[in-house]
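Participant: got a predicted structure plus its sequence, pasted below:
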Amino acid sequence: MHKNDPEGDAAMKPVFVAFEGIDGSGKGVQLRALEERLKSEGKKVAVVDFPQYESFFGLEIGKLLSGKYEARADRLDARSMSLWYAMDRWLAFKNNDYSEYDFVLLNRSTLSNAVYQVLRVPESEKEEMLTWIEKLEFDTLEIPRADLFLVFDVPVKKSRENVAKKGHRDYVGEDADVYEKNLSFLEKVRNGYIAAAEKFENAVKINCTDKKGAMRSVDDITEEVYKYVVKL
């Protein structure tokens, strides 16, 4: 997630923008809003959602997240879980050519893998785990690095309220997944995203709630997102 080489960025096409944050932060809504706006300006835009629940690896991730089987995402060791997410991304980019697009908008990316899995290892191993994930995804599997990470931040309580409104999802039905059910874990994930936004030069945090704790309007957040994207 470290800032890319400027010369490499200048030659890179398309521009990759990753939408990050805990579930229920509204990142999916904002991704679609940006997609529509860029397309209205004549840009060629692709959207890639992760996990890809209909792919081989994504289907298995869905099972791990559902909590309905012996193997669960919250019990599998961090490196093994990281591999599932990384291979899901690798397959998506292996099977599709995005070179003709101006923008590729990612609904979750390598940053999610880092945030969720790094916090599951002891403090003394966190930096090593982060380096391992970056080497796995970027160097070994050659998954594209995002040019911009947009981290959408909401309090965990508000996140749970928003997730409850999603309704049926194929991999869990009407229920929350094993990560979403664990509020203390989600709080750590939220803090991990905030720390990442502060640490990495190409990551920014977007506050999705106002000072009173209410969700900001979709249009208000969309304008903020657009300001960061046009700087690219």
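Facilitator: All right, it came through fine.
Participant: what's the model's confidence in stretch 206-222, averaged?
Facilitator: Mean per-residue pLDDT for stretch 206-222: 94.
Participant: could you check the pLDDT of the residue nearest to the spatial centre of the chain?
Facilitator: With distances taken as C-alpha atoms, centre = their mean, R108 lies nearest the centre of the chain, 2.0 Å away. In this prediction, R108 carries a pLDDT score of 96.
Participant: and for the one 4 residues further on?
Facilitator: Predicted confidence (pLDDT) at S112: the value is 96.
Participant: grab the nearest non-local neighbour of N113.
Facilitator: Y85 (4.6 Å; C-beta to C-beta, 6 or more residues apart in numbering). Any C-beta I mention is one placed from the backbone N, CA and C, and that applies to glycine too.
Participant: check which helix or strand covers that neighbour.
Facilitator: Assigned by DSSP states H and E, Y85 belongs to helix 78-94.
Participant: what is that helix packed up against?
Facilitator: Contact here means 3 or more C-beta pairs under 8 Å, 6 or more residues apart in numbering; DSSP states H and E; on that basis helix 78-94 packs against helix 56-66, helix 110-118, helix 126-134.
Participant: quick check, E223 in a helix?
Facilitator: Yes: according to DSSP: H, G, I helix; E, B strand; the rest coil, E223 belongs to a helix.
Participant: roughly how far does it sit from V15?
Facilitator: Per C-beta to C-beta, to the nearest Å, E223 is found 19 Å from V15.
Participant: if you count surrounding residues, which of the two has more?
Facilitator: V15 (19 against 12; other C-beta atoms under 10 Å).
Participant: low-scoring stretches of the protein, by residue?
Facilitator: 1-12, 163-164, 166-176 (pLDDT under 70).
Participant: what's in contact with the helix holding Y85?
Facilitator: For helix 78-94, the surrounding residues in contact (C-beta atoms under 8 Å, 6 or more residues apart in numbering) are 48, 50-52, 55-58, 60-61, 64, 73, 109-110, 112-113, 116-118, 120-121, 129, 132-133, 136-137, 141-144.
Participant: list buried residues within those.
Facilitator: For the contacts of helix 78-94, a burial check counting by 16 or more other C-beta atoms under 10 Å picks out 48, 50-52, 55, 57-58, 60-61, 64, 73, 109-110, 112-113, 116-118, 120-121, 129, 132-133, 136-137, 141, 143-144.
Participant: run a quick neighbour tally on N191.
Facilitator: With neighbours defined by other C-beta under 10 Å, the count for N191 comes to 13.
Participant: wait, is it part of a strand?
Facilitator: No: going by three-state DSSP, the assignment for N191 is helix, not a strand.
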